[in-house]
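In: Predicted model and sequence follow; I will ask about them next.
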Amino acid sequence: MNTTGVGIDKIADIRKILRDLLKVIKVVSLYPEDNPLPQSLKLSFAERLIDLINEHGELQIIVEKDQLLVQEEVVFQDQSKEDSLAKIFFDSGISQFTFLADITDEDIYLFLNAIKTYLNAPAEDRDLTVSLWESNQRAITFSTVEDIIMEEYDDSIKVQEFHSDEQAQSSRFQLFGTDDIKPYDSLFSNSSDDSGLISTSIADDETPTPEQQAALLFGVTEEQGEALHATEAARAMGYDDLPGVTNYPDASLIIQDEISLTEQEESIIQSLLRDDAEFDIYESTSEILKEMLLQEVEINGFYETVTICEKIVTELVHIGKLFESSSLLTFLRELKHRIELERPLWAERLKDALITAGSRERLKVLATALNENKNVGTDELSKYLNNFGPESLGGITELLGEFDFRHHREALCAYLTKAGTDSVQILSKGMYDKRWFVVRNTVMILARIGNKKSLSYLKEALRHPERRVRLELVNGIENNELPEALELLKQAVADDDSEIRQIAINAILSRRGIPAFEAITDIINDDIFLKLEQHHQQALLITFSRLGGDQAIGFLTELIQQRSLIPSHSVAFFRQAAFQALAHNRSEKAEKTLRKYSSTWRPELRRLATNALKQRARIMSGENV
């Protein structure tokens, strides 16, 4: 490798900046000016190029057919049609270009826009030298093949300078060579302004033109006055026999058949229109960034591209494009797993990017975007959130109080239920929020998780002043079979709200086994039992008898035998409820007890016992009662 006169570090820096230049040209040429991707790339490229020139001085690059050189050292080699930088300049006849020492961001932007104009122009209209000249930048000069030829004749002539001189002089010759009548008509006018053009208005101190005079004297329009003036001029020159103006047919009617499309041409155009309509600028941006990441071969370039990805993800989230941002984040996560063994530093940078995307600051952007975009679906939100790990769970939990729309909150709760199973302590912070709806959503999530640890945090909800929080609790745990859930339901039986009590009691009554029997026993022995509605008391006694078997007989017998000196409605109710409960008890002891009371001397007890025996017989035979 020849590095004479050129430092090794400088060559490496130049090669890198030229690779970046090609990358920027590709993106800038593809996307509109206001797209965040080309904006980010142009900004970062301009900063790096200015730093390079500040360190090494002005940069002169020689252009050959498929390579670029700096002082005879190859700094860029075209690899293919798609990865060709030298070809862009070579095909335009540019033999060298120079980045001067006083270059600015604006010069670089104008330079890139000129190349974009050149690449996007039709082939027959392409001229990079003209595009660069028209860009009006002053710190990037170029020489062409024509300059080499002209130097043999006069070495003071340069194409770039010629374009500039041509622009300055073009205004001197703009009077003629035009279809406008005014420059020529001024030759026949009695008065003109400094530019030689006829004035179309009459000031107080001006002499009117012949056309204006005719308009004033004969009451005709200025256009008609012009026609009269032209007729007089023609007569004075001996051409008074000229024919009048002929009305020619509409040219569009004549060529209409010529511009009609064939069926095949129309089909091609329709296909192009469909492709254009289906083009998604956001999805395309995401795909290009993925390709750029895969093509990076140096760690610094990779880091910079990841930084651009972070900015683009934020912009996409800001405008509610969660599908595209999620696609990019998913790619970053998958790429991290693929390269973490071979390139651990690269993988670490991707990990940092994912953590940053799930930070509280970025999640606030998500909340704002969703509140401004109601149409963002739950699937999009769920897919986006799935890109984050446990380190983001705290920030995501805080979103419970930020979303305005119900379907977004439901999607968030579904995500936290799935992701927070092993991080219940983080989720439980929502139980102490001052906003009742945040507490309710937290109760929903913990109840859905439904393990012992999550249920232990739900005790706080039993005492919450907001009814909807307590209602969410009993609805969430009514089908949970764990003893911890049964304990919460047992305590909910004492709730002041009838709907909450109903759900809790029904949930307890639906259970089987010793834990359910013990829970009902505790309720019956508690003072709260006497405050319950009678239909609840009846249902609890029946289930108590059914589950308890022989163990329930003693308590039911006590209810039957209790006496009151003064007739009491409650005593009569509990006696009747006790016989009903014995009818549902399948033990032999229950049957013996009923038969004993069916032969007692007390008529009321005998009647209730006889009816209970009949009911029990139907129950034992399987009849619906």
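Out: That came through, no problem.
In: Just confirm residue 493 contacts residue 507, I think it does.
Out: No: using CB atoms under 8 Å, residue 493 makes no contact with residue 507, being 9.7 Å away. In this view, the C-beta of every residue, glycine as well, is placed from N, C-alpha and C.
In: Let me know the pLDDT of residue 422.
Out: Here, the pLDDT recorded for residue 422 equals 89.
In: Dihedrals phi and psi, it?
Out: phi -100, psi 10 (degrees, to the nearest 10).
In: Likewise for residue 74?
Out: According to degrees, to the nearest 10, residue 74 has phi -70, psi 120.
In: now swap in residue 62 and tell me
Out: Main-chain torsions, residue 62, degrees, to the nearest 10: phi -90, psi 140.
In: circling back to that earlier point, which of residue 493 and residue 507 has more residues huddled nearby?
Out: residue 493 (26 against 23; other CB atoms under 10 Å).
In: Skipping adjacent residues, who's closest to the more buried one in space?
Out: residue 504 (4.9 Å; CB to CB, 6 or more residues apart in numbering).
In: neighbours around the one you found, how many?
Out: Other residues within reach of residue 504, judged by other CB under 10 Å, total 25.
In: Does it touch residue 475 like I think?
Out: No: with contacts counted by CB under 8 Å, residue 504 stays clear of residue 475, the gap being 10.1 Å.
In: Could you pull out the helices in the stretch 251-400 of the chain for me?
Out: Ranges of helices in the stretch 251-400 of the chain, per DSSP state H, counting those that start in this stretch, are 251-255, 263-278, 281-295, 299-318, 322-339, 344-357, 360-372, 378-385, 393-397.
In: Among the ones you listed, which comes closest to residue 60?
Out: helix 299-318 (24.0 Å; CB to CB).
In: Mean confidence (pLDDT) on that closest one, please.
Out: 92.
In: Any buried residues in that helix, and which?
Out: Using 16 or more other CB atoms under 10 Å as the burial criterion, the residues of helix 299-318 that qualify are 301-302, 304-306, 308-310, 312-318.
In: nearest to residue 27, of the residues you listed?
Out: residue 308 (9.7 Å).
In: Who are the contact partners of that closest one?
Out: When the contact criterion is CB atoms under 8 Å, 6 or more residues apart in numbering, the partners of residue 308 are 37, 40-41, 44, 289, 292.
In: Among the residues you listed, which one lies nearest to residue 539?
Out: residue 289 (63.7 Å).
In: Could you pull up the contacting residues of that closest one?
Out: Applying CB under 8 Å, 6+ apart, the residues near residue 289 are 37, 305, 308-309, 312, 328.
In: can you rerun that using 6 Å?
Out: residue 309 (CB atoms under 6 Å, 6 or more residues apart in numbering).
In: What of residue 495?
Out: Counting by CB under 6 Å, 6+ apart, residue 495 has contacts residue 501.
In: Swap in 7 Å and give it another go.
Out: Listed by CB atoms under 7 Å, 6 or more residues apart in numbering, the contact set of residue 495 reads 470, 501, 504.
In: what's the answer for residue 521, then?
Out: Taking CB under 7 Å, 6+ apart as the contact definition, residue 521 lies against residue 544.
In: Pull the residues that contact stretch 537-556.
Out: With CB under 7 Å, 6+ apart as the criterion, stretch 537-556 contacts 505, 509, 512, 516-517, 520-521, 523-524, 529, 577-578, 580-582, 584-585, 587, 589-590, 593.
In: Can you report how many residues neighbour residue 594?
Out: Neighbours of residue 594 (other CB under 10 Å): 23.
In: which secondary structure element contains it?
Out: Secondary structure from DSSP states H and E places residue 594 in helix 588-598.
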